[in-house]
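K.L.:
Give me a 3D structure for the following:
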Amino acid sequence: MVNQVYLPCVAVRSGRYPLSIHAGVSVYPVCLNITGRLCIVIGGGAVAERKVQGLLAGGGRVRVISPEVTGSLAALAEEGRIEWLCKEYSPGDLDDAFLVFAATDSREVQEAVCRDAERAAMLINVADDPDHCGFQVPATVHRGDLTLSVATGGRSPAVAAMIRRRLERDFGREYAVLLELVAMVRERVLSDDSSPRERKILFQNILHDDIVAWIREGRWDRLQQHLQEILGPELRLDLSRLKQDFS
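P.N.:
Residues are numbered from 1 along each chain as shown. Predicted coordinates:
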């Protein structure tokens, strides 16, 4: 399984600096590989903690700058999973950052962080202030390597949360298993001499309308039968690991 990616919505324009997100500004949804990249979070409260957890899940190298932090953040620092600079924010603290998050309860600090990040052409997220964000973190659901994301351009986090809850209900663990299954098939198929068009048709046939239900209901024999009908008996797949993952 690959690392999860970090999925922000970025406001873009011509020119050097990030553009703030507000009504009427178009955003561009991207998946960022932040593995090993320095992500700096200014602030140590509950909001900062949520940002840190998301960045760690995406493989980021996280530095928190705040004179005080939550117990959970302190524990992460003690475990060596994040770096904690126990200090007030000061100019120069953003050096080498790939992403910046301002998550303090001080308007003065938020403005200073935003100003310094924009001067350095860094992407910044300012908590609860979309007008000063260069990017926003959408409501996200992870199912293995499958990422489902919802953004409202900062217009209504409540609507995004409502849709996320629906996605959590409608897209269960069976979709993670489906993705693993298709990846297994893809690895086998790419090793043969079939054309891109033939492979496209094959995957369309594999993704039967009932395939998700077969996984959800544990109908592995029916799933295996379907795969062999499409792939042929010589390409029988070992589904034991998928069964174990879903049990």
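K.L.:
hey, let's count contacts and neighbours off CA atoms from now on
P.N.:
OK.
K.L.:
can I see the domain layout of this structure?
P.N.:
Using automatic domain parsing, the domain ranges for the chain come out as 9-151, 174-246.
K.L.:
what's the span of the longest one, first residue to last?
P.N.:
Across its full length, domain 9-151 reaches 8 Å end to end, with C-alpha to C-alpha, to the nearest Å as the criterion.
K.L.:
ok now that domain, how far from the chain's centre?
P.N.:
Taking C-alpha atoms, centre = their mean, to the nearest Å, one finds the center of domain 9-151 at 13 Å from the center of the full chain.
K.L.:
same check, this time on the last one
P.N.:
Mean-position distance between domain 174-246 and its chain equals 25 Å (C-alpha atoms, centre = their mean).
K.L.:
pLDDT of the helix or strand harbouring residue 213, averaged?
P.N.:
Using DSSP states H and E, the element containing residue 213 is helix 211-216. Averaging pLDDT along helix 211-216 gives 97.
K.L.:
buried ones in it?
P.N.:
211, 212, 214, 215, 216 (16 or more other C-alpha atoms under 10 Å).
K.L.:
In CSV: those residues, plus distance to residue 5.
P.N.:
Listed next are those as CSV, based on distance: C-alpha to C-alpha, whole Å:
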residue, distance to residue 5
211, 26
212, 24
214, 28
215, 25
216, 26
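K.L.:
just checking, what packs against the lengthiest helix in the chain?
P.N.:
Longest helix in the chain, counting residues (DSSP state H): helix 174-189. Applying 3 or more C-alpha pairs under 8 Å, 6 or more residues apart in numbering; DSSP states H and E, we find helix 174-189 packed against strand 146-150, helix 211-216, helix 240-246.
K.L.:
if we go to 7 Å?
P.N.:
Judged by 3 or more C-alpha pairs under 7 Å, 6 or more residues apart in numbering; DSSP states H and E, helix 174-189 is in contact with helix 211-216.
K.L.:
Can you spell out which helices and strands pack onto the helix it packs on?
P.N.:
On a contact count with 3+ C-alpha pairs under 7 Å, 6+ apart, helix 211-216 meets helix 174-189, helix 220-231.
K.L.:
which stretches of this protein form helices?
P.N.:
Remark: helices assigned in the chain by DSSP H are 46-57, 71-78, 107-119, 157-170, 174-189, 196-206, 211-216, 220-231, 240-246.
K.L.:
Could you export the helices and strands packed on helix 211-216 as CSV, including mean neighbour count?
P.N.:
Shown next, in CSV, are these (neighbours: other C-alpha atoms under 10 Å):
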stretch, mean neighbour count
helix 174-189, 16
helix 220-231, 15
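K.L.:
burial count for residue 32?
P.N.:
12 (other C-alpha atoms under 10 Å).
K.L.:
For it, list each beta-bridge partner.
P.N.:
residue 6 (DSSP bridges).
K.L.:
Would you confirm that it contacts residue 5?
P.N.:
Yes: Residue 32 lies in contact with residue 5 (C-alpha atoms under 7 Å); the separation is 5.7 Å.
K.L.:
before we move on, the earlier item: the inter-axis angle of the longest helix of the chain versus strand 146-150?
P.N.:
Interaxial angle, helix 174-189 versus strand 146-150 (axes from the mean of the first three to the mean of the last three C-alpha atoms, to 10 degrees): 130 degrees.
K.L.:
In a markdown table: the helices and strands packed on helix 211-216, plus mean pLDDT and distance to residue 247.
P.N.:
Supplementary listing: these in a markdown table, determined by pLDDT from 0 to 100; distance: least, C-alpha to C-alpha, whole Å:
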| stretch | mean pLDDT | distance to residue 247 |
| --- | --- | --- |
| helix 174-189 | 93 | 10 |
| helix 220-231 | 94 | 12 |
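K.L.:
among those, which is nearest residue 245?
P.N.:
Proximity to residue 245 (C-alpha to C-alpha) singles out helix 174-189 among the helices and strands packed on helix 211-216, at 7.6 Å.
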